[in-house]
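# fold the following, please.
(chains A and B)
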Amino acid sequence: MRCKPCGADAVIEIRRHRVAFCRDCFLHHCQEQVRRAISSHRMMGHSERVLVAISGGKDSLAVWDILLDLGYTADGVYLGLGIGDYSDTSRTYAEAYATARGAHLRVVDIPTEHGFGIPDAARATKRVPCSACGLSKRHLLNTAALDGGYDVLATGHNLDDEAAVLFGNVMQWHVGYLARQRPVLPATPGFARRVKPLIRLGERETAAYCVLKGIDYIVDECPMAAGNRHLRYKETLNEIEDRSPGAKAAFYFQFLDQMLPVLDDVAAAERDLVGTCSRCGAPSSAEICAFCKLVEKAAPTADDERQIG
Amino acid sequence: MHVHLHNPKRDVEIAGPLRVAELMNSLGLNRESVLVIRGDSLVTGDATLADTDVVEIRPVISGG
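Just a heads-up that it's a prediction; the model follows:
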């Protein structure tokens, strides 16, 4: 198989684009896809300070690397989730990348700063760990962006992530979630602007980017996420993609083009409902925000576990 | 060839030469869900793997 742009031996094929690339042309392709996503959705400007949410996985390290290569002023923030060896190892990858690249990485350790880890939160709330994890990430990443004076918070959500979330939201007809599923969530009082520069790249491409760029990342899946609904949706969509290359991209980008404009009023109505948490001051539609409620339940559980242990 | 797989981590020996697409089929893997890594680079579905090759089949799906 030959690289379409230059004719050299290809190292990766992207079936939805009917194209194959050599290493250098593929890295250029990834950069161009991110540049195009940022430009077409007006995500951010070069004069703005960007905070990138870093997990130590392929997507977050790829987006940080590409933003730095594109000339953005981008720091990273790593959240320690308290998931045993998995958290220790993922932090090692995040710090190693930052050191090698000469980039600044902020670290927020949830057990140290809030008194619980994600496993404690799952036990305390009797909900799946990914629910407590997502809630904590949204709150703490937003806080880190606002406290650090950043203009924008960038995450490593890729095309597969967005297609799987869309699939799940459609399966349940979560109209409010659908209205908020946007490549850019503009800044509102208490919320930093959030952007997803990787929406034009599949996760096979972000993994390939890291391999070909020599970026080491944590390959193992989070032990708390094994078998979760999001992964099952991704597997289902990949079975469709295997038979119909381009199906995931069409599903997601047609949603952006055709459905999101219809949901603008829903999104506006939801924004009008947001007030302020009486404890932490974060935006919330309830008197006490979901994160403060989580801390209230999870921290005592973590204390109990330490005493038993 | 020596093939290293993840989830669960395991190593298997498979006779070569064999095309990457055939290897995927024989292992029941979806090519959208993995990368095939030989040395420090990737190989495409039409590439032929030699009997002496060492390859890693790395999953790309992450969730959460």
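# does stretch B:36-55 come close to chain A?
Yes: counting by CB under 8 Å from any CB of the partner chain, contacts between stretch B:36-55 and chain A involve B:37, B:40-47. Using the backbone N, CA and C atoms, a C-beta is placed for each residue, glycine as well.
# how deep is residue B:51 tucked in, by neighbour count?
As a burial measure, residue B:51 scores 12 neighbours (other CB atoms under 10 Å in any protein chain shown).
# you'd agree it is up against residue B:3?
No: when contacts are counted by CB atoms under 8 Å, residue B:51 is not listed as touching residue B:3 (11.7 Å).
# overlap in contacts, those two.
Common contact partners of residue B:51 and residue B:3 (CB atoms under 8 Å, 6 or more residues apart in numbering or on different chains): none.
# chain B contacts on the stretch 201-309 of chain A?
Residues of the stretch 201-309 of chain A lying near chain B (CB under 8 Å from any CB): A:202-204, A:206-208, A:211-212, A:214, A:219-222, A:224-225, A:228, A:230-231, A:234-235, A:238-239, A:241-242.
# hmm, try it at 10 Å
Within the stretch 201-309 of chain A, the positions near chain B by CB under 10 Å from any CB of the partner chain are A:202-208, A:210-212, A:214, A:217-222, A:224-235, A:237-242, A:245, A:248.
# what are the buried residues along stretch A:155-171?
By 16 or more other CB atoms under 10 Å in any protein chain shown, the buried positions in stretch A:155-171 come out as A:155-167, A:169.
# for stretch A:38-55, same thing?
A:38, A:41, A:43-44, A:50-55.
# follow-up on the earlier one: now, of the residues of the stretch 201-309 of chain A next to chain B, which are buried?
Buried among these (16+ other CB under 10 Å): A:202-208, A:210-212, A:217-219, A:221-222, A:224-225, A:228, A:230-231, A:233-234, A:237-238, A:241, A:245, A:248.
# closest to chain B out of the buried residues of stretch A:38-55?
Distance to chain B across the buried residues of stretch A:38-55 (CB to the nearest CB) is lowest for residue A:55, with 8.7 Å.
# the closest one contacts residue A:91, doesn't it?
Yes: counting by CB atoms under 10 Å, residue A:55 does reach residue A:91; the two are 9.4 Å apart.
# so what sits against both of these two?
A:78-79, A:81, A:218 (CB atoms under 10 Å, 6 or more residues apart in numbering or on different chains).
# tell me, which of the buried residues of stretch A:38-55 make contact with chain B?
residue A:55.
# could I get the buried residues of stretch A:38-55 as a markdown table with distance to residue A:253?
Below are the buried residues of stretch A:38-55 laid out as a markdown table (distance: CB to CB, whole Å):
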| residue | distance to residue A:253 |
| --- | --- |
| A:38 | 16 |
| A:41 | 11 |
| A:43 | 16 |
| A:44 | 20 |
| A:50 | 24 |
| A:51 | 27 |
| A:52 | 24 |
| A:53 | 23 |
| A:54 | 27 |
| A:55 | 25 |
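# can you redo the buried residues of stretch A:38-55 as a markdown table with distance to residue B:10, secondary structure and pLDDT?
Shown next, in a markdown table, are these (distance: CB to CB, whole Å; DSSP: H, G, I helix; E, B strand; the rest coil; pLDDT from 0 to 100):
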| residue | distance to residue B:10 | secondary structure | pLDDT |
| --- | --- | --- | --- |
| A:38 | 40 | helix | 98 |
| A:41 | 42 | coil | 97 |
| A:43 | 41 | coil | 98 |
| A:44 | 43 | coil | 98 |
| A:50 | 40 | strand | 98 |
| A:51 | 39 | strand | 98 |
| A:52 | 34 | strand | 98 |
| A:53 | 32 | strand | 98 |
| A:54 | 30 | strand | 98 |
| A:55 | 25 | coil | 97 |
